[in-house]
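Q: Make a model of this:
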Amino acid sequence: MIRFNRPYITGHEMEHMATAIADGRLSGDGAFTELDQAFFAKRYGFRTNLLTTSGTDALEMAAILAELAPGDEVIMPSYTFVSTANAFVLRGAKPVFIDSYADHPNMDHSLIEAAITARTKAIVPVHYGGVACEMDTIMDLAAKHSLLVVEDAAHAIDSTYKGRPLGGIGHLASFSFHETKNIQCGEGGLLVVNDPALAKRAEVIREKGTDRSAFYRGEIAKYGWIDIGSSFLASELTAAFLYAQLMELDTIQTLRKQAWNGYAEGLASLEEYGYGLPSIPKHGTNNAHLFHVVCPSLETRTTLIDHLNQKGIRAVFHYQPLHSSAFHTTHHPHQPELPNATRFGDCLVRLPLFAGLTAPEQKLIIDEVLEFAARRS
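A: Below you'll find the predicted structure:
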């Protein structure tokens, strides 16, 4: 079976983890946490970087920093993972879902302003597949209406918007290092704080609502409970594993882009059969997080996934639109039609893509997809 994802291992993970164990400080904010956070500051210029236990936790920290009250509204795409919405729902906010573009799962920026009301407090652009949302428009709208922007950059490490790194444009940003992401440590995440006014409180929230980080730096004589928070701090073992990955980022990206380009070239003829392929806008770059195909119908997608599984190829669908989810419609039964998000939910399939996907494996996948499409045309 060609797996959908095969986490890339650099060979240095165990070495760094052994160093962390020998150092004797495993609970986080140690040497490897500092190295990881310094990497993002140096490579991308992010102001404040806080390693977390997951991308979901980074979003939950952002939701706390947004100081939401019950009934406040947060604008986000419907076509996204549940964590994007859950983080803000947990604070009592109502997600306001925006449809995708017709040709890409990112939320359609032209629909955002009409969704802003007096209760709107934040906009959460999700850079699907590492492809940048239209951030200039989003930041202009945020400034005009005094809104917070939280970039959900779970897919977006090493991608840019008009030359600026994703995660460095909004007031806050979250990254994921789940095993399915380009850079991974099993489970892990990062909160980026680009607004200096939020940095100190973010550090407190991450340390269970205490000022313990300041205490460890020798800035205060003792620490105590000063705010709400939770246990969002990643362990040093997680940080050590992640550091090995970050040191090989360029190698990993090269391998992933080779695989992505192989699909783009090998599957170009699919469009003749009515299938959609990924598009990269001129304002963004491609970090090769995923390669998707949009099938003509739900029935076609289901049959294609079954066909590939029978051939030993693990392909998968992606998100189910949140605006029509059982949880959301229970609380908010009257939802607008979002046809593009619905179509991606029904028709999008992701093909195996990971650093280390071999040429013979990829040729088999391409051949089977093309044979399936030709046979059904």
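Q: which residue packs closest to residue 119, ignoring adjacent ones?
A: Closest residue to residue 119 apart from its sequence neighbours, by C-beta to C-beta, 6 or more residues apart in numbering: residue 73 at 4.5 Å. Every residue, glycine included, has its C-beta placed from N, CA and C.
Q: how many neighbours does that neighbour have?
A: 19 (other C-beta atoms under 10 Å).
Q: And residue 52, by the same measure?
A: 27.
Q: cool, the one 5 residues further on as well?
A: Counted with other C-beta under 10 Å, the neighbours of residue 57 add up to 26.
Q: Helix, strand, or coil at it?
A: Assigned by DSSP: H, G, I helix; E, B strand; the rest coil, the conformation of residue 57 is helix.
Q: all numbers from here: first residue = 4
A: Sure, I'll start numbering at 4, so the last one becomes residue 60.
Q: Can you list the low-confidence ranges for the stretch 104-253 of the chain?
A: Scanning the stretch 104-253 of the chain for pLDDT under 70 picks out no residues.
Q: Tell me which stretches of it form helices.
A: 115-118, 138-148, 199-209, 215-219, 239-249, 252-269 (DSSP state H, counting those that start in this stretch).
Q: hmm, back to that, how near is the residue nearest to residue 122 to residue 140?
A: 19 Å (C-beta to C-beta, to the nearest Å).
Q: hang on, the earlier thing: go through the helices of the stretch 104-253 of the chain and name the closest to residue 65.
A: helix 199-209 (8.5 Å; C-beta to C-beta).
Q: Residues contacting that closest one, please?
A: Here helix 199-209 makes contact (C-beta atoms under 8 Å, 6 or more residues apart in numbering) with 50-51, 53, 55, 64, 67-68, 174-175, 194, 196, 213-214, 216-217, 229-233, 235-236.
Q: quick one: buried residues of stretch 52-71?
A: 52-69, 71 (16 or more other C-beta atoms under 10 Å).
Q: Can you flag which of those residues belong to helices?
A: The helices, defined by DSSP state H, take in 58-68 from these.
Q: Same list (the residues you listed) but as a markdown table, adding pLDDT and distance to residue 343.
A: Below are those laid out as a markdown table (pLDDT from 0 to 100; distance: C-beta to C-beta, whole Å):
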| residue | pLDDT | distance to residue 343 |
| --- | --- | --- |
| 58 | 98 | 24 |
| 59 | 98 | 25 |
| 60 | 98 | 30 |
| 61 | 98 | 27 |
| 62 | 98 | 23 |
| 63 | 98 | 28 |
| 64 | 98 | 30 |
| 65 | 98 | 26 |
| 66 | 98 | 26 |
| 67 | 98 | 31 |
| 68 | 98 | 31 |
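Q: Which single one of these is nearest to residue 83?
A: The closest of these, once distances to residue 83 are taken by C-beta to C-beta, is residue 62, at 10.7 Å.
Q: any idea how far that closest one is from residue 221?
A: Taken as C-beta to C-beta, the span from residue 62 to residue 221 is 31 Å.
Q: same thing with residue 313?
A: Taken as C-beta to C-beta, the span from residue 313 to residue 221 is 62 Å.
Q: what does residue 204 give?
A: Counting by C-beta to C-beta - residue 204 and residue 221 are separated by 20 Å.
Q: Over to residue 184?
A: 35 Å.
Q: more crowded one of those two?
A: Neighbour count, other C-beta under 10 Å: between residue 184 and residue 221, residue 184 has more, with 23 against 7.
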